[in-house]
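Novice: Next comes the sequence, and after it the predicted model I'd like to discuss.
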Amino acid sequence: MLPIITMKDEMILLAHGAGGKHSRLLIEQLILKYFNDPALKLLPDAATIECGSVFHKFFFTTDSFVVNPLFFPGGDIGKLAICGTVNDLAVSGADPLYLSCSLIIEEGFKLSCLSRILKSMAEEARRCNIRIVTGDTKVVERGKCDGLFINTSGIGIKRYSVSLGLERVRPGDAIILSGVPGMHELAIVCARENIKFRSPLKSDCAAINGLISEVLKEPFDIKFMRDPTRGGMASVLNEIASGCNYGLKIYEREIPLTKNVKSLCEILGFDPINLACEGRVVMVVDFKDAQKIISIMRNHPLGRNAGIIGRIVDEFHGKVIMETIDGSERFIRMPSGKQLPRIC
Amino acid sequence: MKHIDEFRNPDYIRGLLSRINAASRTIKRNVRLMEVCGTHTMAIARYGLRKLLPENVSLISGPGCPVCVTPNSYIDTAIAISKIDGVRIVTFGDMYRVPSGRNSLEKRSAEGSNVDIVYSPLDALEIARKNPDKKTIFLAVGFETTAPLTGRVLSYARKQHLKNFFILSGHKLIPPAMEELVNDALHYIDGFICPGHVSAIIGSKPYEVFPEKYGIPCVISGFEVCDILHSILILLEMISGKRKVSVEVQYFRCVQRKGNPVALRVIDDTFDVSDTEWRGLGVVRASGLVIKQKYYEFDATSVFEVNVKSSVDNRGCICGQILRGVKIPLDCHLYGKVCTPENPVGPCMVSSEGTCAAYYNYER
């Protein structure tokens, strides 16, 4: 459980947007105070809604993108705006169908840049087989927004029978991570700070609906999925722990890391598990299916480094413990407001 | 960057641990080793090393987190300057959230002050160059490791004839603070794990006073798990009499006895040594670096006149004692209840290298 802290801050700090505990407190103690719809209450990645007599359940989600810089190795704000919303639907077990796109543009923004970004959105939408069917455009005075902000909302339907919910998580279940964590945030840092590697570090920004539907095609017992964005793995793992009220044991040696990610984290003093991804998924699955799921994932270009990184255990309830490489143990805590602003 | 995995090799780790166990058995008493540097504190917590050590060997954290030892008066001055029109404060990330009274740079930023976070003092210079209409003040905190960077940046600023770039020097020197601790009659230290990066600049010579005058062994350590375990092993062997009590350099891939003469010259050229206030230690003789008269025009303290009434710390906060290694975070009534990384009361909880933050984030 998260400690109960009342919001002492008198105004919004950058930390409230970092996806860690500050964000969580803002949502729980202020936003949910006024918006109390049952579909919103559990703060899923996408809300489940029913429309009239239609048999299908719909999934509905929204996300805003304010990343700085607008173009970064491995993507741009446009690609990110498509992938982010598609991924929120995909990890809810939905097949993404329709997107909206709202643009808030700063006066003086170059049309050539806008055109590049729109092209990238169109391409990414085509790749994930989703239609952009509605939108809006606003222009604000110079200095009132930093170039371009994008909001996308998405609707999806459930195609495969999978029942997701932390209440189904049991001790023994396996925790799967689909790839190297932290590459998106590191790519943003490199772009902002002008850090160059001989083999450049690219954002993992990608739509993972394809990868997930490969797995969902089979009748595996998948209990929970989430894409670790702001706050990274640490944030998702802590949400799982507090939601299912069992403990999570993570094995440091099983977390896939590339040389670039390791080096950069050492230089900048980051822990890769606290860093944002934009093309990864964390799954909690029945252990008996874990190996089969991994092999399906590894056959997909976005899941080459997939692996079991931990297990659900019936001890230290509500907490995440990491078995370190030296055989000791340490906590993984919910990150707290230290992340860089505007990474997505 | 090479050789990360080698220094985290589980076989080496097991080997070192068994030798540490053997060495500790030959010492029939409790041994207290102080890791002076905040980066060591964090590495120790992150690798869970405390749990792996023999019962009679304990690690205590010292005053080597630059943010933590920065006194309220410095932060209050920075906050006061940030309120002046046309000013931009540039700082390392950890300073951003340090509370002083009810204020912090983070809050000032939300209230409209310009506060930029950078990784290098060179970025501060760049910000000054790009914003000629603003006065840019760089909050120069840190030990001998970062002082040469500040010095270099000042000489660049002079070459570029920048008139809008200033430094608020909070730089401090590590060996005088260590000596202050050794002279504290209240507690004892059996050995120092000396900082690696500070020593890359100052070398191993300045620590020689500790074995020679006080009989306290010193090992300058690297930051990987094998480095730290190796250093602990060397210290235990010195304490048990197997090795001569001296200053040994475990981190020899970066540290030489004479240090880095170029960087030392830059420090000499830029700063005068003065008495300065440390949080937790009070005023320590000849332990601070103030900007030399010849760089007068860049010294924020001589350019900005601010009246600062220093904020008072929360009475329950024991950061001061933690910084001296007299207490550990678990001794604090505020720790984990009132004082968390979200709502830090003292600096040891704010900085990622702070002892309280390291305990809170990592230790089981």
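Specialist: Alright, I've got the coordinates.
Novice: Check what pLDDT A:Asn194 gets.
Specialist: If you check A:Asn194, the pLDDT there is 83.
Novice: could I get stretch B:73-81 in PDB with only the CA atoms?
Specialist: Extracted C-alpha coordinates of stretch B:73-81, given in PDB (Å, rounded to 0.1, in the frame of the first residue of the first chain):
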ATOM      1  CA  SER B  73      22.300  29.700   4.800                       C
ATOM      2  CA  TYR B  74      23.600  28.700   1.400                       C
ATOM      3  CA  ILE B  75      20.200  27.600   0.200                       C
ATOM      4  CA  ASP B  76      18.500  30.600   1.700                       C
ATOM      5  CA  THR B  77      20.900  32.800  -0.200                       C
ATOM      6  CA  ALA B  78      20.200  31.000  -3.400                       C
ATOM      7  CA  ILE B  79      16.500  31.300  -2.900                       C
ATOM      8  CA  ALA B  80      16.800  35.000  -2.000                       C
ATOM      9  CA  ILE B  81      18.800  35.700  -5.200                       C
END
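Novice: now the strands: where do they sit in the stretch 151-300 of chain A?
Specialist: A:174-177, A:222-226, A:247-251, A:282-285 (DSSP state E, counting those that start in this stretch).
Novice: How about residues contacting the last one?
Specialist: Pointing back at strand A:282-285 there. Strand A:282-285 has contacts (Cβ atoms under 8 Å, 6 or more residues apart in numbering or on different chains) with A:166, A:169, A:173-178, A:215, A:220-228, A:233, A:236-237, A:240, A:244, A:293, A:312. The way it works is simple: take the backbone N, C-alpha and C, and place the C-beta from them, glycine included.
Novice: Also within reach of chain B: list those from those residues.
Specialist: Residues of these in contact with chain B (Cβ under 8 Å from any Cβ of the partner chain): none.
Novice: Run a quick neighbour tally on the residue in the stretch 101-250 of chain A that chain B sits nearest to.
Specialist: Residue nearest to chain B within the stretch 101-250 of chain A: A:Glu193 (6.1 Å; Cβ to the nearest Cβ). Number of residues near A:Glu193 (other Cβ atoms under 10 Å in any protein chain shown) recorded here: 14.
Novice: for it, what are its contacts?
Specialist: Contacts of A:Glu193 by Cβ under 8 Å, 6+ apart are B:119, B:123.
Novice: And the one 10 residues further on, by the same measure?
Specialist: A:Ser203 makes contact with A:72-75, A:183-184, A:187-188, A:278-279, according to Cβ under 8 Å, 6+ apart.
Novice: List the single closest residue to whatever residue of the stretch 1-150 of chain B ends up closest to chain A in space, sequence neighbours excluded.
Specialist: Per Cβ to the nearest Cβ, B:Gly48 is where the stretch 1-150 of chain B lies closest to chain A, at 2.9 Å. Leaving out its chain neighbours, the residue that sits closest to B:Gly48 by Cβ to Cβ, 6 or more residues apart in numbering or on different chains is A:Ser328, at 2.9 Å.
Novice: With B:Leu235 instead?
Specialist: Once chain neighbours are set aside, the closest to B:Leu235 by Cβ to Cβ, 6+ apart is B:Gly191, at 4.0 Å.
Novice: wait, the one you found sits on B:Ser240?
Specialist: No. Using Cβ atoms under 8 Å, B:Gly191 is not in contact with B:Ser240, being 11.1 Å away.
Novice: Looking at these two, which is more packed in?
Specialist: B:Gly191 (24 against 16).
Novice: Quickly note the distance from that one to B:Ile20.
Specialist: Per Cβ to Cβ, to the nearest Å, B:Gly191 is found 13 Å from B:Ile20.
Novice: And the biggest strand by length in chain A, what does it pack against?
Specialist: Counting by DSSP state E, the longest strand found in chain A is strand A:94-106. Judged by 3 or more Cβ pairs under 8 Å, 6 or more residues apart in numbering or on different chains; DSSP states H and E, the packing partners of strand A:94-106 are helix A:77-90, helix A:111-127, strand A:131-140, strand A:148-158, helix A:209-216.
Novice: Using CSV, write out every CA atom in it.
Specialist: The C-alpha trace of strand A:94-106 is given here as CSV (Å, rounded to 0.1, in the frame of the first residue of the first chain):
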residue,chain,number,x,y,z
ALA,A,94,-8.0,-4.4,-26.5
ASP,A,95,-7.5,-4.3,-30.2
PRO,A,96,-7.0,-0.6,-31.0
LEU,A,97,-9.5,0.7,-33.7
TYR,A,98,-9.9,4.4,-33.7
LEU,A,99,-7.9,7.4,-32.7
SER,A,100,-8.6,11.1,-32.3
CYS,A,101,-5.8,13.7,-32.7
SER,A,102,-5.8,17.2,-31.2
LEU,A,103,-2.9,19.5,-32.0
ILE,A,104,-2.0,22.5,-29.9
ILE,A,105,0.5,24.5,-32.0
GLU,A,106,2.6,27.5,-31.1
